[in-house]
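Got a predicted structure plus its sequence, pasted below:
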Amino acid sequence: MPTLVNKPLKVILGVTGGIAAYKIPMLIRLFKKADADVQVIMTPSAERFVTPETLSVLSEKQVLCDFFDPATGMWNNHVDLGLKADAIFIAPATATTIGKMVHGIADNLLMATYLSARCPVIIAPAMDLDMYAHDSVTENLRLLESRGVRIIPAEDGPLASGLSGPGRLPEPDTLFAEFMKIMNPELPLKGKHVMVSAGPTLEAIDPVRFIGNHSSGKMGYAIAEAFTKVGANVTLVSGPVSLQTPQNVNRIDVKTAEQMQEVCLEESQKADIIVMAAAVADYKVENQAELKIKKDENLTLNLVRNPDILQELGKVKKPSQTLIGFALETHDGQDYAKDKVVRKNLDFIVLNSLANEGAGFGHDTNKVCLFDKTGSEKSYPLMSKKMVADIIVKQAICYHLSGNFADI
Ligand code: CTP
């Protein structure tokens with residue numbers, strides 16, 4: 001049985017007035033078995049084919065049939081329902097409902113919720129064969145498909161009218177499997193390991209003071225999260241930041257560059273893709289004071305080089321691994337970035353220049369340029385760090401699979 005990506009998946013199950021509604025109780029049981037959160041919304045005519053009570057018991061929730069709750073008079077907020085759903089699944093979808101979807105007719109709670117939704121919408125049409133074959137229904141389905149609605153086609157078989165032909169609602173297990181296939185398409189990095197480093201490293205001066213930098217970790221965390229969405233097993237090696245661990249990410253906390261190096265060298269061995277987004281301190285204090293340094297006139301600290309983790313990873317890089325670095329520059333960014341790709345044996349580097357407004361440390365936006373080892377480059381406008389993360393992940397996948405940038 002397919003698995004849900006994010007549990008519990010919030011599904012609005014729309015039931016409309018067709019005889020095939022008798023199959024929906026079994027469909028709800030399948031969703032509940034997979035831990036989905038099912039909110040049933042019925043159209044008024046659906047209640048003639050299956051009772052709200054049955055669907056309510058099975059979905060473990062009150063079934064919504066109207067804009068107002070008849071018992072309390074409370075308004076059922078369709079906007080809220082639509083916005084919170086991960087998917088709307090309408091089964092069976094009658095010719096009338098399909099027509100209303102095409103024309104935006106919100107004369108019942110289900111249609112109003114559909115028009116308010118931003119999530120994927122999947123429908124399973126079911127009707128008599130001549131209705132299903134009618135030009136208006138065929139054209140309406142084509143229009144809905146062109147707008148992004150996914151359609152699980154009706155099956156060929158005996159129909160309630162006594163006729164036999166296309167128009168039959170697939171059995172509940174087929175409906176469930178098709179729904180899951182649409183919601184959970186083949187994940188390109190399924191079974192692959194990815195290691196991402198993020199945040200700053202802090203180098204102690206004495207027990208209370210340290211040398212650090214302004215890295216918030218937002219970019220690296222967004223990248224780690226984006227990799228989980230494409231099925232990767234993600235290890236996030238994180239310097240001290242105040243961010244929540246993204247779902248399904250294995251986070252290992254470190255403080256200093258040396259600790260980060262130890263963890264990265266260990267974790268990278270099983271990684272297929274490595275992204276060093278951390279702002280690693282290049283220097284540490286030569287002799288850390290064991291006791292707090294008391295103030296005097298001037299204080300001179302002798303700083304010594306920290307290991308360059310990315311360079312070390314480049315030295316031991318396996319041919320099957322894709323190694324990606326970051327460069328944050330204030331000037332001559334392109335030249336430095338291109339030099340680092342070669343010097344550190346990277347597949348590509350992500351340059352963000354502090355010269356760009358809204359890019360770099362602390363911001364929620366970033367403007368990046370990617371340079372690979374063959375001299376190809378990709379430049380992107382200012383966008384949210386989440387969007388930048390999606391681009392980096394897409395390019396990492398393409399590079400990992402083909403050795404080239406994707407055309408995005
Ligand atoms: N990096 C690293 N270890 C360090 C310093 C940097 O792994 N000690 C990694 C960063 O995570 C980043 C990349 O190297 O992916 C670029 O960091 P940057 O400081 O710009 O590189 P440097 O080699 O230190 O270049 P510069 O000459 O600008 O100091």
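Happy to help now that I have it.

partners of Met195 in the sheet?
Going by DSSP bridges, Met195 is paired in beta bridges with Thr235, Ile274.

Now do it against the ligand, distance only.
Per Cβ to the nearest ligand atom, to the nearest Å, Met195 is found 12 Å from the ligand. Every C-beta, even on glycine, is put in place using the N, C-alpha and C of the backbone.

try Phe371
Phe371 is 12 Å from the ligand, where distance means Cβ to the nearest ligand atom.

Show me what from this structure comes close to the ligand.
257, 276, 278, 280, 282, 306, 308-310, 325-328, 336, 340 (Cβ under 6 Å from any ligand atom).

pLDDT averaged over stretch 391-407 - what is it?
Stretch 391-407 shows a mean pLDDT of 90.

Just the CA trace of that stretch, in PDB.
Coordinates of the C-alpha atoms in stretch 391-407 are reproduced here as PDB (Å, rounded to 0.1, in the frame of the first residue of the first chain):
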ATOM      1  CA  ILE A 391      16.200  25.500  -7.200                       C
ATOM      2  CA  ILE A 392      19.400  24.300  -5.600                       C
ATOM      3  CA  VAL A 393      17.800  20.900  -4.900                       C
ATOM      4  CA  LYS A 394      16.500  20.600  -8.500                       C
ATOM      5  CA  GLN A 395      19.900  21.500  -9.800                       C
ATOM      6  CA  ALA A 396      21.600  19.100  -7.400                       C
ATOM      7  CA  ILE A 397      19.300  16.300  -8.500                       C
ATOM      8  CA  CYS A 398      19.900  17.000 -12.200                       C
ATOM      9  CA  TYR A 399      23.700  17.300 -11.600                       C
ATOM     10  CA  HIS A 400      23.700  14.100  -9.600                       C
ATOM     11  CA  LEU A 401      21.900  12.200 -12.400                       C
ATOM     12  CA  SER A 402      23.300  13.800 -15.500                       C
ATOM     13  CA  GLY A 403      26.400  15.800 -14.600                       C
ATOM     14  CA  ASN A 404      24.800  19.000 -16.000                       C
ATOM     15  CA  PHE A 405      22.600  21.800 -14.800                       C
ATOM     16  CA  ALA A 406      18.900  21.600 -15.500                       C
ATOM     17  CA  ASP A 407      17.400  24.200 -17.900                       C
END
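
List of residues touching it?
188-189, 192, 223, 226-227, 229-230, 272-273, 275, 322, 324, 347-348, 350, 368, 370, 372, 376, 378, 380, 408 (Cβ atoms under 8 Å, 6 or more residues apart in numbering).

Would you list the buried entries among the residues you listed?
Buried members of those, counted by 16 or more other Cβ atoms under 10 Å: 189, 192, 223, 226-227, 229-230, 272-273, 275, 322, 324, 347-348, 350, 368, 370, 372, 378, 380.

mind listing which of those residues are in helices?
Counting by DSSP state H, the buried ones among the contacts of stretch 391-407 place Ile223, Ala226, Phe227, Lys229 in helices.

about what we covered before: which two of the residues of the chain next to the ligand have the greatest separation?
Farthest apart among these by Cβ to Cβ are Ala257 and Tyr336. That separation is 19.9 Å.

Next up, the contacts around the closest residue to Asp282 other than its chain neighbours.
Leaving aside its sequence neighbours, Asp282 sits nearest to Asn306 (Cβ to Cβ, 6 or more residues apart in numbering; 5.8 Å). By Cβ under 8 Å, 6+ apart, the contact list for Asn306 reads Thr201, Glu203, Thr256, Ala257, Glu258, Gln261, Val280, Ala281, Asp282, Tyr283, Lys284.

switch to 6 Å and redo it
Neighbouring residues of Asn306 by Cβ atoms under 6 Å, 6 or more residues apart in numbering: Ala257, Ala281, Asp282, Lys284.

so what's the first one closest to, chain neighbours aside?
Nearest in space to Ala257, with sequence neighbours left out and distances taken as Cβ to Cβ, 6+ apart, is Asn306 at 3.9 Å.

residues of the longest helix seen in the chain that come out buried?
Assignment by DSSP H gives helix 385-402 as the longest helix of the chain. Of all the residues in helix 385-402, those buried under the rule 16+ other Cβ under 10 Å are 385-400.

Now flag whichever of the residues you listed is closest to Lys292.
Ranked by distance to Lys292 (Cβ to Cβ), the buried residues of helix 385-402 are led by Lys385 at 36.9 Å.

From Ile391, how far off is the closest one?
From Lys385 over to Ile391 the distance is 11 Å, taken as Cβ to Cβ, to the nearest Å.
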